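1. Give the three-dimensional model of this entry:
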Amino acid sequence: MVSVEALKGLERRMQVAVPASRVQQQVDKRLLNVSRTARIKGFRPGKAPIHVVRKHYGAQVRDEVVGDLIRESFAEAVQQQQMVPVGGPRIESLPPGEEGELKYAATFEIYPKVDVGGLEGMTINRPEASVADSDVDAMLESLRSQRPEFLPVERPAADQDRLTVDFEGTLDGEPFEGGKAEGHQFQLGTGRMMKDFEEGLRGATTGETRSFDVGFPPDHPSTKLAGKTAQFKVTVKSVEEMKLPELDDAFCRAFGVEEGGVEALRAEVRENMERELGQAIRNRLKAQVMDRLLEANPLELPGTLVDQEIRGLQMEAMRRMGARNARQVPARQPFEQPARRRVALGLLLGEAVNKAGIRLDAGRVQARLEEIAAGFEDPAAARQQYAENEGAMRQLQMMVLEDQLVDYILEKAQVTAQPASFKDIMNFGADASSEQAG
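-> Just a heads-up that it's a prediction; the model follows:
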């Protein structure tokens, strides 16, 4: 006997009664098996009467049978009720029924019913851009800036100069953590140090010592420093002028271009930029398709899946930060919306692929594998690693299926061209995040 009660959202409470006869049959069967090998004092192994075996092992066997029957009957009950549980249930034992039935309640979440709509007629904006000569020029300048040379100068420090300094900061006359360093290097005017710190050293010369105040912003990570003003004493050890390398054959060789010089480097850079631009445009189109899919198919999401996804994102963030201490787990709130999006798309995409009648294209899987492997030092070894890793191959196949779905939807969408530039799409030239003293 099974009864189901709907709780909050997708949570269900199902009561199940297992006939006492089924329980007893299982207990008797298992006791019979035990009796064949049981070692009980006063009897040869396997020769003790069944009533003696029952006395010695009955309680233990019954507990085992009850556990097994709960698992079996739960699986039967959810299949009978046409429900798909999310994760394992919380089991609550209930008093036996009037005829001695085994009774329990199972509380669990179920997957929502998904009926995907809106696969046709989406409104999509397609960014259209190309790589201009000026974009290649800017990229080459960026490459030059990655390999600067710094030469000592005997003049006041100016923006882009590299300073090597010793400093010591105090707050109300007392040193504070992170306020002292020797041989610290930074480029003036890049915003990588506190604004007041940089201003205090603009125009300084090698060997000069300066003292000045530095104000910390109210949102500074250190609560001891937030909103406070510290006093710094700084000695300039050296001032160096930045000199970028010449765009010549030697520079080209540093980037792996052995023949053809600057023109060959430009061609290779352009090819890479065009490939990255194409992927970025593809990603923008895919993001729009996913947004429209979510808008057209609002879902009630199982909290269990959302919680699992949030924990996964938190662990991923910890790995990126190199954090290992459990107390360093980032706050849950920033990950809630991304987690809900991932869960919703995970539920929708499989149904959308089925509804569209899409079958996995093995050729595209192989092409994507080749593309990934090409980024490794040993492509053949990378391909083999993927081929031998079932989880990695499954993930690769899902990526290809998603791409096939996006192509299917774009074929049936109302696509409007939207003029753009390489710089806009790639966010090229955006300032790097700054680091601050203290």
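2. which residue ranges form the strands in this structure?
-> With DSSP state E, the ranges of strands along the chain come out as 2-6, 11-18, 85-94, 102-110, 123-128, 149-152, 162-171, 174-187, 209-215, 229-243, 414-419.
3. other SSEs contacting the fifth one?
-> When you say that, I think you mean strand 123-128. Here strand 123-128 touches helix 261-296, strand 414-419, going by 3 or more C-beta pairs under 8 Å, 6 or more residues apart in numbering; DSSP states H and E. Any C-beta I mention is one placed from the backbone N, CA and C, and that applies to glycine too.
4. got the angle for the first one vs strand 414-419?
-> Inter-element angle recorded for helix 261-296 and strand 414-419: 140 degrees (by axes from the mean of the first three to the mean of the last three C-alpha atoms, to 10 degrees).
5. For helix 261-296, give the mean pLDDT please.
-> On average, the pLDDT along helix 261-296 is 93.
6. Give the buried residues for it.
-> 265-266, 269-270, 273, 277, 280-281, 284-286, 288-290, 292-294 (16 or more other C-beta atoms under 10 Å).
7. helices or strands next to that helix in the packing?
-> If you count contacts as 3+ C-beta pairs under 8 Å, 6+ apart, helix 261-296 packs onto strand 123-128, helix 133-145, helix 249-254, helix 333-355, helix 390-411, helix 422-426.
8. Out of the strands of the chain, which gets nearest to G260?
-> Closest of the strands of the chain to G260 is strand 149-152, at 24.5 Å (criterion: C-beta to C-beta).
9. For the closest one, give me every contacting residue.
-> 162, 206, 238-245 (C-beta atoms under 8 Å, 6 or more residues apart in numbering).
10. top of those residues by neighbour count?
-> V239 (25 neighbours; other C-beta atoms under 10 Å).
11. For that one, name its beta-bridge partners.
-> According to DSSP bridges, the partner residues bridging V239 are L163.
12. Roughly how far does it sit from A387?
-> 56 Å (C-beta to C-beta, to the nearest Å).
13. and what of A380?
-> In terms of C-beta to C-beta, A380 sits 11 Å off from A387.
14. before we move on, what about L369?
-> From L369 to A387 the distance is 8 Å (C-beta to C-beta).
15. Of the two, which one has the most company?
-> Comparing L369 with A387 by other C-beta under 10 Å, the one with more neighbours is L369, at 20 against 11.
16. In TSV: the contacts of strand 149-152, plus distance to G100 and pLDDT.
-> TSV is the format used below for the contacts of strand 149-152 (distance: C-beta to C-beta, whole Å; pLDDT from 0 to 100):
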residue	distance to G100	pLDDT
R162	85	96
T206	94	97
S238	89	96
V239	91	97
E240	89	97
E241	92	96
M242	87	94
K243	91	94
L244	88	92
P245	88	92
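17. so which of these comes closest to R62?
-> Of the contacts of strand 149-152, the one sitting nearest to R62 (C-beta to C-beta) turns out to be R162, at 78.0 Å.
18. gap between the two ends of stretch 290-308?
-> 21 Å (C-alpha to C-alpha, to the nearest Å).
19. ok, now stretch 190-205?
-> OK, stretch 190-205 end separation, C-alpha to C-alpha: 18 Å.
20. Return the set of buried residues in it.
-> So stretch 190-205, judged by 16+ other C-beta under 10 Å, has buried residues 191-194, 196-198, 200-201, 204.
21. got it, and stretch 207-222?
-> So, applying 16+ other C-beta under 10 Å, buried residues of stretch 207-222: 214, 216, 220.
22. from these, which single one is nearest I40?
-> Among the buried residues of stretch 207-222, and counting by C-beta to C-beta, the member closest to I40 is H220, at 73.6 Å.
23. Would you mind measuring from P152 to L163?
-> 11 Å.
24. Who has more neighbours out of those two?
-> Just comparing P152 and L163: by other C-beta under 10 Å the higher neighbour count belongs to L163, 22 against 11.
25. show me what contacts the more buried one?
-> So L163 contacts 157, 185-188, 201, 204, 236, 238-240 (C-beta under 8 Å, 6+ apart).
26. and with 7 Å instead?
-> 157, 185-186, 188, 201, 236, 239 (C-beta atoms under 7 Å, 6 or more residues apart in numbering).
27. swap in Q26?
-> 65, 69.
28. if you set the cut-off to 6 Å instead, what comes out?
-> Applying C-beta atoms under 6 Å, 6 or more residues apart in numbering, we find Q26 in contact with V65.
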